[in-house]
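1. Sequence plus predicted model, see below.
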Amino acid sequence: DIQMTQSPPSLSASVGDRVTITCRSSQSISSYLNWYQQKPGKAPQLLIYAASSLQSGVPSRFSGSGSGTDFTLTISSLQPEDFATYYCQHSYSAPWTFGQGTKVEIK
Amino acid sequence: EVLLVESGGGLVQPGESLRLSCAASGFTISSHWMSWVRQAPGKGLEWVANIKQDGSEKYYVDSVKGRFTISRDNAKNSLYLQMSSLRAEDTAVYFCARVRDCYDRSGYHNDYYFDYWGQGTLVTVSS
């Protein structure tokens, strides 16, 4: 099974900060990597698919990069509504595992 | 508007069974792989199972193999998860999700992703 290691587990940041979250897979997954945002009590929402494609309706301050085993989610200028938990997820082969999540909190 | 509505959750005792349903509207599930994803209280997301458009392929996380069965009724536009021999560690909110295929500019398949999710249904396994 492919393991996804996400870091950091949590971070504190201020509105306007640039935030970077990383995700590493235990073997190459090409571009089969997605990023989701989840707020408390809500279903996850897709942000980025195929490692770097922005889902329709998602603000352009979100971006994704990477291929193979190392991936990054960047929020260029953190907004109040971005405080949430972020998950990476691979879909290269079953089981489709998620990273452990990164909780973005207000500094 | 695409909507996924789960139902069937509740409180059950260890060893018992439960069947979850996911009613889809705004699209035809027969065109999509569909999935179940769960989240234990205060924990992260865990993919549970996938089913192909015609039901011919099914995949499961190891922890539910032999106990859970994913199925679909394309005529009813609905997805199901039959859960048996439930354990305390199966306690979670269960989400159904629509799977989208992704192709690059050359036409090569390069991703699957969950583009729509239901609101979830809580399953609690406790004596």
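-> Now that the structure is in, tell me what you want to look at.
2. What helix or strand is residue A:16 located in?
-> Following DSSP states H and E, there is no helix or strand that holds residue A:16.
3. Against residue A:61, how distant is it?
-> When distances are taken as CB to CB, to the nearest Å, residue A:16 and residue A:61 turn out to be 11 Å apart. C-betas here are computed from N, CA, C, even on glycine.
4. Could you do residue A:3 as well?
-> When CB to CB is the yardstick, residue A:3 and residue A:61 sit 29 Å from each other.
5. Show me which of these two is the more surrounded one.
-> More neighbours sit around residue A:61 than around the other of residue A:3 and residue A:61, counting by other CB atoms under 10 Å in any protein chain shown; the figures are 14 against 11.
6. Tell me where the longest strand sits in chain B.
-> strand B:92-103 (DSSP state E).
7. And that strand, what does it pack against?
-> If you count contacts as 3 or more CB pairs under 8 Å, 6 or more residues apart in numbering or on different chains; DSSP states H and E, strand B:92-103 packs onto strand B:3-7, strand B:18-25, strand B:34-39, strand B:45-51, strand B:78-83, strand B:109-117, strand B:121-125.
8. Could you check the angle it makes with strand B:34-39?
-> 140 degrees (axes from the mean of the first three to the mean of the last three CA atoms, to 10 degrees).
9. Quick one: mean pLDDT over strand B:92-103.
-> Across strand B:92-103, the average pLDDT comes to 95.
10. And stretch A:46-60, by the same measure?
-> Averaged across stretch A:46-60, the pLDDT comes to 97.
11. Export that stretch to CSV, keeping only CA atoms.
-> Provided in CSV are the C-alpha atoms of stretch A:46-60 (Å, rounded to 0.1, in the frame of the first residue of the first chain):
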residue,chain,number,x,y,z
LEU,A,46,-11.9,19.5,-3.5
LEU,A,47,-9.2,22.2,-4.0
ILE,A,48,-6.6,20.7,-6.4
TYR,A,49,-6.7,17.6,-8.5
ALA,A,50,-4.0,15.9,-10.7
ALA,A,51,-1.4,17.6,-8.4
SER,A,52,-1.7,21.1,-9.9
SER,A,53,-5.2,21.6,-11.5
LEU,A,54,-7.4,24.1,-9.7
GLN,A,55,-10.9,22.9,-9.1
SER,A,56,-13.6,25.2,-10.6
GLY,A,57,-14.7,27.8,-8.1
VAL,A,58,-11.7,27.5,-5.9
PRO,A,59,-9.8,30.8,-5.4
SER,A,60,-6.6,31.3,-7.3
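12. what residue is smack in the middle of chain B?
-> Nearest to the geometric centre of chain B sits residue B:36, at 1.7 Å (CA atoms, centre = their mean).
13. Check that one and give its pLDDT.
-> As summarised for this prediction, residue B:36 has a pLDDT of 98.
14. Quick check: the gap between it and chain A.
-> When CB to the nearest CB, to the nearest Å is the yardstick, residue B:36 and chain A sit 11 Å from each other.
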